Each structure stands twice: as structure tokens, then as C-alpha cells.
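K.L.:
no FASTA, just this:
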């Protein structure tokens with residue numbers, strides 16, 4: 001989120017109009033205090049609640065928010081798993097950008113159910129561990145195939161190949177990592 005102020009928006013809108021750029025191409029933002037959403041990650045409470053990039057958050061849980069810091073403070077103080085209503089202003093037309101014109105802006109309320117960031121991190125760590133195990137298993141299979149094909153590891157050594165590990169005909173094969 002990024003803070004949005006009427007002064008900032010007024011300057012941005014004036015710049016757009018002063019450069020002769022068509023409003024429907026760049027967009028005109030409403031002159032309000034709030035927090036503009038700059039990115040929504042998939043499969044997050046924000047995405048599941050219907051928030052989108054360029055939504056302007058003006059109220060959370062019945063509390064008016066004037067900037068991104070206030071919005072984040074209200075979210076941080078909310079209870080995990082309890083629905084939180086958010087009043088937003090959304091562009092409904094054209095390019096999906098900050099606003100095609102004031103007539104294309106809609107005020108609406110979305111409901112977000114805040115999640116536990118620690119649960120999300122634990123979930124991601126679990127996926128990482130599963131992927132790491134899969135890669136190690138795949139590596140073990142490849143090492144066994146290489147040992148069969150090239151004769152490495154015949155005497156139970158480290159697989160580094162010293163010319164005397166059974167059937168390698170004096171060739172050296174390096175297996176940099178052998179999982180236990």
C-alpha cells in the first residue's frame with residue numbers, strides 16, 4: 001500500500017491533463033485520503049477478499065484511514081480469522097489503472113479475513129521441505145543410475161572414483177554430493 005492524499009492526486013491529475021494525455025488512457029484518481037493498493041499477492045486474505053491492485057482503501061473496520069500507515073495499523077490490530085470490512089474506491093472501466101474518469105469510480109465494501117502470517121510462513125516452509133526431499137530423492141536415483149552405468153561406488157567409497165572402485169576401467173567420475 002502507498003499513502004494517497006488529495007494534494008498528491010491533484011498534482012498527478014494536473015500533470016496528466018497538462019501533458020495533453022487522454023484521461024481514458026492514463027486515468028484520473030479521486031482526490032481523497034487513503035491507501036492505494038499497489039500489489040495483491042495470490043492466495044492471500046487480500047486476494048481472497050476481493051481486493052485488487054489500484055483499489056483505494058478509505059475505511060477499515062468502520063475506522064476512516066488517511067494513509068497507508070493507518071491502514072496497516074488497523075489491519076495489524078485486527079483479530080486473525082475475524083472478518084474485517086474495508087470500504088474502497090475502485091476503477092470500473094477502461095485500462096484497470098488508477099481511474100479512467102470520476103464517472104468510472106465505484107465505492108464498495110469488501111470483506112477480508114486476516115490470516116496469521118506465521119501460519120503462512122510455516123506452510124511455505126513445509127512446501128520447501130517437501131520440495132527439498134523430492135530433489136534429494138531424485139538426486140539419489142540419478143546417482144544410482146550413474147553408478148550402474150559407469151561402475152562408480154562399487155566398493156562403498158565416497159563415489160569420487162579413484163580408479164579402483166570396481167569396473168570403472170581407470171576412469172574418474174565425480175559425484176559431488178551423496179545423501180545419506
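P.N.:
Perfect, thanks for sending it. Predicted, not measured: the structure shown is a model, and the values here were computed from it. Residues are numbered from 1 along each chain as shown.
K.L.:
So which residues of this protein form helices?
P.N.:
Remark: helices assigned in the chain by DSSP state H are 6-18, 23-26, 45-49, 68-77, 117-150.
K.L.:
and of those helices, who's closest to residue 33?
P.N.:
Residue 33 lies closest to helix 6-18 among these, at 6.7 Å (C-beta to C-beta). For glycine as for every other residue, the C-beta is placed from the backbone atoms N, C-alpha and C.
K.L.:
Retrieve the pLDDT associated with residue 89.
P.N.:
Residue 89 is assigned a pLDDT of 94 by the prediction.
K.L.:
and the helices of the chain, which one is worst for confidence?
P.N.:
Between these, the one with the least mean pLDDT is helix 23-26; it has a mean of 46.
K.L.:
re earlier: out of the helices of the chain, the one nearest residue 90 is which?
P.N.:
Closest to residue 90 of the helices of the chain, according to C-beta to C-beta: helix 45-49, at 13.0 Å.
K.L.:
residues of that closest one that come out buried?
P.N.:
Neighbour-count burial for helix 45-49 flags 45-46, 49 (criterion: 16 or more other C-beta atoms under 10 Å).
K.L.:
What helices and strands are in contact with that helix?
P.N.:
With contacts taken as 3 or more C-beta pairs under 8 Å, 6 or more residues apart in numbering; DSSP states H and E, helix 45-49 sits against strand 105-112.
K.L.:
Need the contact partners of the strand it packs on.
P.N.:
Strand 105-112 is contacted by residues 30, 45-46, 48-51, 58, 83-92, 99 when judged by C-beta atoms under 8 Å, 6 or more residues apart in numbering.
K.L.:
Next, format the helices of the chain as CSV and append distance to residue 62.
P.N.:
Formatted as CSV, the helices of the chain follow (distance: least, C-beta to C-beta, whole Å):
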stretch, distance to residue 62
helix 6-18, 22
helix 23-26, 33
helix 45-49, 16
helix 68-77, 10
helix 117-150, 23
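K.L.:
before we move on, the earlier item: what subset of the contacts of strand 105-112 is buried?
P.N.:
The neighbour-count test (16+ other C-beta under 10 Å) applied to the contacts of strand 105-112 identifies 30, 45-46, 49-51, 58, 84, 86-91, 99 as buried.
K.L.:
and of those, the nearest to residue 116?
P.N.:
Using C-beta to C-beta, residue 45 comes nearest to residue 116 of these, at 9.9 Å.
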